[in-house]
Every structure is written in C-alpha cells, then in structure tokens.
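> Need a 3D model of the following:
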Amino acid sequence: MGRSVCWKGIFSTALLYGSLALFTSILHNVFLLYYVETFVSIYKIDKTSFWVGETVFLIWNSLNDPLFGWLSDHSLLSSPQTGSQITSPEVVLKRLKALSRNGPLFALSFLAFWVAWARPGLQFLLCLCLYDGFLTMVDLNHSALLADLAVAATDRTRLNFHCSVFSALGSISVFLSYSFWDKEDFYSFRLFCVTLAAFSILGFFLVSRLLQCRFQKEVQPRQNETLMLKELSVGHAPLTHPEKPVTIGQYLRQLSKHRNFMWFASMNLVQVFHCHFNSNFFPLFLEHLLSDNISASMGSILLGISYIAPHLNNLYFLTLCQRYGVYQVIRWLFMLKLGLSVAMLLAGADHIYLLCIFIASNRVFTEGTCKLLNLVISDLVDEDFVVNRRQQAASALLFGMVALLTKPGQTFAPLIGTWLLCAYTGYDIFEPVKDSLVLVHDVSSGSGTPPLRLGCFYMLVFVPITCALLQLAAWSRFTLHGRKLQGIKTLRQGAQHGHLIDIKAI
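Purely as a prediction, here's the structure:
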C-alpha cells in the first residue's frame, strides 16, 4: 500500500497524461510509414481492392469520430444537474476508464497489419477499419482530457508540452523501424512490431490505472461535499430548471452556426491531408530523389529526424504560443511552409543538400502545426460552451465533429498522391516491375532527369504550396484569438465560478 502511494507521488498528473501520447505514437508512426508499402509490395494487393478499401475506410474514418463522440458526450449537452463543474470528476474518470480499455485493444489491432491472415483486399479493409476504430477511441478521450482537465491557456500548454516530449520519444520507433524493414525478409519487422505493441499495452494499462487512482483520491472529498449539499437541498426549489436533452439535429444546427468552427475545420482538412501525404510518400521521395546520392544510414537519420523534430520543435512553438498566441504562431508556420516550398521550386531538384533539408523541414513544420491544433480545438470547446450556454463542456463530441470534417484528408492523401504520380509520370505503384524498366530506359537513353524523379520533385513542392495558400485563406477568417479568446475564457471560468456559488448558497 505504501509503495503504491509512493509511486503515485513521484509522477505528476501532467507527466502521466503526456506519457499516454508515447504509447500511441510508437505504433501510429510505424503504421503511417509502412502500411501502404506492406500491402502494395509484400501482400501484392490489386489496384481495385486498394481503392475500394481506401474508399470504405474514408467513410468509416469520417463517421466513427462523431459517432463515438456523441455516444460519449451527448448526455453532457444538457445535464439536469445544477452546478456540475466543467472538469467534472465523473467525466474525467470515464475518459480514463475508456483509455484503459481501448488502449490495449488499439495495440492489438496494430499487429493485424503485419501478418497475412486473409486475402489482401479483405485484410486491408478490415485492418484499416479495426485499427482506426480503436485509434479514434484513444485519440478522442486523450484529446478531450486536454479541455476537461484545464481551462487556462498556461495549464493546457503545460499538458501539451508533456505530450510533445513523449511523442518525441515515441518517434524513436521510426529510427529503429528503418533498421528492421526488409521487404524480402519480413520476419524481423514483425518481431519488432510485436515488441512495440507489448510495450504499448503495458503502458496504457499501468498509466491509466495510476491516473484513475490518483484522480479518484483527489476528488473524493469533493464528491462527499456534493452529496452532503444535495441532502441539505432536499425540500428546496431548484435554482434552475432541468434542460431538455439536445438532439443530434439541434447540435448540428448549433455547430453549423459556429463560424470559427467551420473555418477551422476547413483549414484542418488541408492540414490533415498534407500531414498524411508527407507520411505516405516520404519513403518514395527518399527512394527516387535521394537514394542515389545518400547512404542508407543517412536515409535512416533523415527519416528519424523528420519524425522526432516536430515534437522537439513544438516545445519551442509552445513558448511562442504563450508569448504571441496560438493563432499567430500557426499563421507564421503557414507562411514559412509557403516560402520554403517556393524557394525549393526555384532552386530545382539537382541541389541534393537543399533537397534533404527541404524534405525534412517540410515534414517538421507541417507536423509541428498539427501538434498545436488541439489547443485551438480546446478553445473552440470553450466558445461552444459559452455561446450555447451548456451545463457541461462536451469536449470529446466537439473533437469528434472536427474529425468528421477533417479526417477524410487522411484517405485523400494516398489516393490523390498516387493519382498525381500516375497522371504526371505514368508511374503506377501497383506495377513496379514495368515502371522500373521504363525508368532504366529513360536513364540509359540520356534523356536527362527521369520523369519519375521530376514528378516526385514537383509533387514535393507544389502540394505544400497549394496547401499553404488554401490554409492562409481559411485561417484569415478565424476570429477566436486575442481579446475575443480572452473574453470567452473569462466567461467560461466565470460560469464555473458561478455554479460553485450557487451550490454553496443552497
């Protein structure tokens, strides 16, 4: 008993919360990097099955976030309890219990990709849907805790800081994966994935249990006080009338009038597309743009840097956010992405060292932007709470609705990328032998830069240019920053404080 209390005292709540990001990132980074290559090059999935699988995945990927968010939080939209606090202990404990269940199941679903147990097309479809379902449950509950545990920007920044540190540690799996990845001998890579999954399962179980025990212990006096106040209020008229439950139609109408939410979702759709485009085609860019000029170890280092640097950069970005605000920092990152892409386009594909820097920096700054967006969604939770006068902040539901409108970018990335590559160069990733012969002929005939290499280069620079322009246009219409944001946070904290006064007045 004493040892348990000692362990709980060593680790802060913010540290334990951040560590949950480690157990997700060590698996998800490997998934993003290798799932397309595994099914195309090893399992030999045909083009039709690949497109059908991605299309079904697009639908499921878009619907499961709001579905799970609604199932989790619909009862919070109009709670009949007067004075229910924003960081309700029951809500937080419910999210932690969900993480303790779904975290290990997420790790098990990750393993299903790396062993051929069905026809490639069927396995591709089932694995994607199963994996994304459990990933959604983990992400929704973990992200919702950011808004549930804190309202003040400094507290949320501290929570996000710990997430960035542990996500950076999780990127070590990318460094290691490059050493085990071998399309000719897949056994070592399978053992590597089993080891990662076992570590993730153990981590989810232990950390979520520690957080549950700590939080339950911290809030027990508050629960006892609430029970006593309820007993004292028997026979007195309630201060407020119970609200009618909010239907899904009413919630969607409220959300459709939330202009900042709609502009943010538009910007984030492009961001999700760009992040997954970089992840899916990073190995292709390394192979066809740099492989003849850099060693395998250099490729491994470049790959690892592109995954770990965004998390380290985010530590600096968070300090900038405290000084200038999240809105301004994200705007600067969009402008930087645009400037670097234009500079690389003007320099051309023959500057190998510039190309190395650009490939790494493109992913670093794009992923770095993604790491800041949960802070913006948490601010949108505050605005939704204030504008719609909710009894309880439905954070998981709002995170789910954001995903409904933005997660299609995850599926569009490989589909649009493969289509652009095929349309521009004639290269089809589903027919590598034929295309490799064409490339050899192009090089041997002295026709200059091979079409595939040139096509990869244009994809590398024009995709971020297009994304940056679209994002700057949408982000300029987003108004939840500066004084307006401070006003929203003051109103939310004031509502919480007002509830506490009402309870004490009974």
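> What helix or strand is Q250 located in?
helix 248-256 (DSSP states H and E).
> Any buried residues in that helix, and which?
Using 16 or more other C-beta atoms under 10 Å as the test for burial, helix 248-256 gives 251, 254-255. Any C-beta I mention is one placed from the backbone N, CA and C, and that applies to glycine too.
> which one of these sits closest to K94?
Taking C-beta to C-beta as the measure, K94 sits nearest to Y251 out of the buried residues of helix 248-256, at 19.4 Å.
> gap between that closest one and H162?
Between Y251 and H162 the computed distance is 32 Å (C-beta to C-beta, to the nearest Å).
> Return the helix holding Q250 as PDB; C-alpha atoms alone will do.
Taking Å, rounded to 0.1, in the frame of the first residue of the first chain, the C-alpha atoms of helix 248-256 are listed here in PDB:
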ATOM      1  CA  ILE A 248     -28.300  15.400 -32.700                       C
ATOM      2  CA  GLY A 249     -30.200  17.600 -35.200                       C
ATOM      3  CA  GLN A 250     -30.200  20.500 -32.700                       C
ATOM      4  CA  TYR A 251     -26.500  20.100 -32.000                       C
ATOM      5  CA  LEU A 252     -25.600  20.000 -35.700                       C
ATOM      6  CA  ARG A 253     -27.600  23.200 -36.300                       C
ATOM      7  CA  GLN A 254     -25.700  24.900 -33.400                       C
ATOM      8  CA  LEU A 255     -22.400  23.700 -34.800                       C
ATOM      9  CA  SER A 256     -23.300  24.900 -38.400                       C
END
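> tell me the angle of the helix or strand that that helix is followed by relative to helix 248-256?
As assigned by DSSP H and E, the chain's next helix or strand after helix 248-256 is helix 259-285. Orientation of helix 259-285 against helix 248-256 (axes from the mean of the first three to the mean of the last three C-alpha atoms, to 10 degrees) gives an angle of 80 degrees.
> Now do helix 259-285, average pLDDT.
For helix 259-285, mean pLDDT rounds to 89.
> ok, F57 touching L125?
Yes - contact criterion C-beta atoms under 8 Å: F57 and L125 qualify, at 7.2 Å.
> Quickly list what's touching both of those two.
Contact criterion C-beta atoms under 8 Å, 6 or more residues apart in numbering; no residue bridges F57 and L125 by contacting each.
> so what's L130 closest to, chain neighbours aside?
Once flanking residues are discounted, L130 sits nearest to S109: 4.7 Å by C-beta to C-beta, 6 or more residues apart in numbering.
> Could you look up the SS state of Y427?
In three-state terms, and counting by DSSP: H, G, I helix; E, B strand; the rest coil, Y427 is coil.
> picking that back up, what's the helix holding Q250 in contact with?
By C-beta under 8 Å, 6+ apart, the list of residues contacting helix 248-256 from outside reads 70, 74, 77, 246, 261-262, 384, 388, 397, 401.
> For the residues you listed, name the two members farthest from one another.
The largest distance within the contacts of helix 248-256, taken as C-beta to C-beta, falls between H74 and M262 and amounts to 21.1 Å.
> which stretches of the stretch 301-450 of the chain have low pLDDT?
Residues of the stretch 301-450 of the chain meeting the criterion pLDDT under 70: 304, 307, 429-450.
> Could you identify the helix or strand that succeeds the helix or strand encompassing N314?
In this structure, N314 sits in helix 296-324 according to DSSP H and E. Helices and strands here follow DSSP H and E; after helix 296-324, the next one along the chain is helix 326-347.
> Show me what counts as buried in that following helix.
Applying 16+ other C-beta under 10 Å to helix 326-347 flags 326-327, 329-331, 333-334, 337-338, 340-341, 344-345 as buried.
> Going by neighbour count, list what's buried in stretch 403-412.
So, applying 16+ other C-beta under 10 Å, buried residues of stretch 403-412: 403-412.
> Narrow those residues to those in helices?
Among the buried residues of stretch 403-412, the members falling in helices (DSSP state H) are 403-406, 408-412.
> For L63, state which of the residues you listed is nearest.
The closest of these to L63 turns out to be L404 (C-beta to C-beta; 7.1 Å).
> Check whether the closest one really touches P66, as I assumed.
Yes - L404 is within contact range of P66, at 4.4 Å (criterion: C-beta under 8 Å).
> Run through the stretch 101-250 of the chain and note the low-pLDDT ranges.
Residue ranges of the stretch 101-250 of the chain with pLDDT under 70: 217-245.
> Okay, H311 and L22: tell me how far apart.
From H311 across to L22, the span is 10 Å (C-beta to C-beta).
> okay, and the common contacts of these two?
Counting by C-beta under 8 Å, 6+ apart, the residues touching both H311 and L22 are S167.
> From R453, how far off is W419?
Distance from W419 to R453, by C-beta to C-beta: 18 Å.
> no no, I294
Distance, I294 to R453, using C-beta to C-beta: 14 Å.
> again with L210
In terms of C-beta to C-beta, L210 sits 51 Å off from R453.
> what's the answer for I26, then?
Separation of I26 from R453 (C-beta to C-beta) stands at 33 Å.
> okay, those two: which has more neighbours?
Higher neighbour count among I26 and R453: I26, with 27 against 21, using other C-beta atoms under 10 Å.
> and the helix or strand where the more buried one lies, how far out from the chain's middle?
According to DSSP H and E, I26 maps onto helix 13-37. Distance, stretch centre to chain centre, for helix 13-37: 10 Å (C-alpha atoms, centre = their mean, to the nearest Å).
> Report all helices and strands that that helix contacts.
Judged by 3 or more C-beta pairs under 8 Å, 6 or more residues apart in numbering; DSSP states H and E, helix 13-37 is in contact with helix 89-111, helix 120-149, helix 153-170, helix 172-180, helix 187-232, helix 259-285.
> among these, which is nearest G368?
Closest approach to G368 among these is made by helix 153-170 (9.4 Å; C-beta to C-beta).
> buried ones in the closest one?
Buried residues in helix 153-170, counting neighbours by 16+ other C-beta under 10 Å, are found at 153, 156-160, 162-170.
> Please tell me how far T55 sits from P414.
Distance, T55 to P414, using C-beta to C-beta: 12 Å.
> ok, the two, which is more surrounded?
Using other C-beta under 10 Å as the criterion, T55 and P414 rank with P414 on top: 21 against 13.
> how far is the helix or strand encompassing that one from where the chain is centred?
Assigned by DSSP H and E, P414 falls within helix 408-425. Distance, stretch centre to chain centre, for helix 408-425: 20 Å (C-alpha atoms, centre = their mean).
> Packing partners of it?
Using 3+ C-beta pairs under 8 Å, 6+ apart, helix 408-425 sits against helix 47-73, helix 259-285, helix 451-475.
> Can you say which of the ones you listed is packed in most?
helix 259-285 (a mean of 21; mean count of other C-beta atoms under 10 Å).
> Just want the angle from that one to helix 13-37.
Put simply, helix 259-285 runs at 50 degrees to helix 13-37, going by the same axes, to 10 degrees.
> Isn't I330 up against K371?
No - contact between I330 and K371 fails when scored by C-beta under 8 Å: they sit 10.6 Å apart.
> Just the CA atoms of stretch 158-176, as CSV, please.
In CSV, the C-alpha atoms belonging to stretch 158-176 read as follows (Å, rounded to 0.1, in the frame of the first residue of the first chain):
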residue,chain,number,x,y,z
ARG,A,158,1.8,22.6,-19.9
LEU,A,159,-0.2,19.4,-20.7
ASN,A,160,0.6,19.8,-24.4
PHE,A,161,4.2,20.3,-23.5
HIS,A,162,4.4,16.9,-21.8
CYS,A,163,2.6,15.3,-24.8
SER,A,164,5.2,16.7,-27.1
VAL,A,165,8.0,15.4,-25.1
PHE,A,166,6.6,11.9,-25.0
SER,A,167,5.6,12.0,-28.7
ALA,A,168,9.2,12.8,-29.5
LEU,A,169,10.3,9.8,-27.5
GLY,A,170,7.8,7.7,-29.5
SER,A,171,9.4,8.8,-32.7
ILE,A,172,12.4,6.6,-31.8
SER,A,173,10.4,3.7,-33.2
VAL,A,174,10.8,5.3,-36.7
PHE,A,175,14.6,5.3,-36.3
LEU,A,176,14.5,1.6,-35.3
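> All set, thanks.
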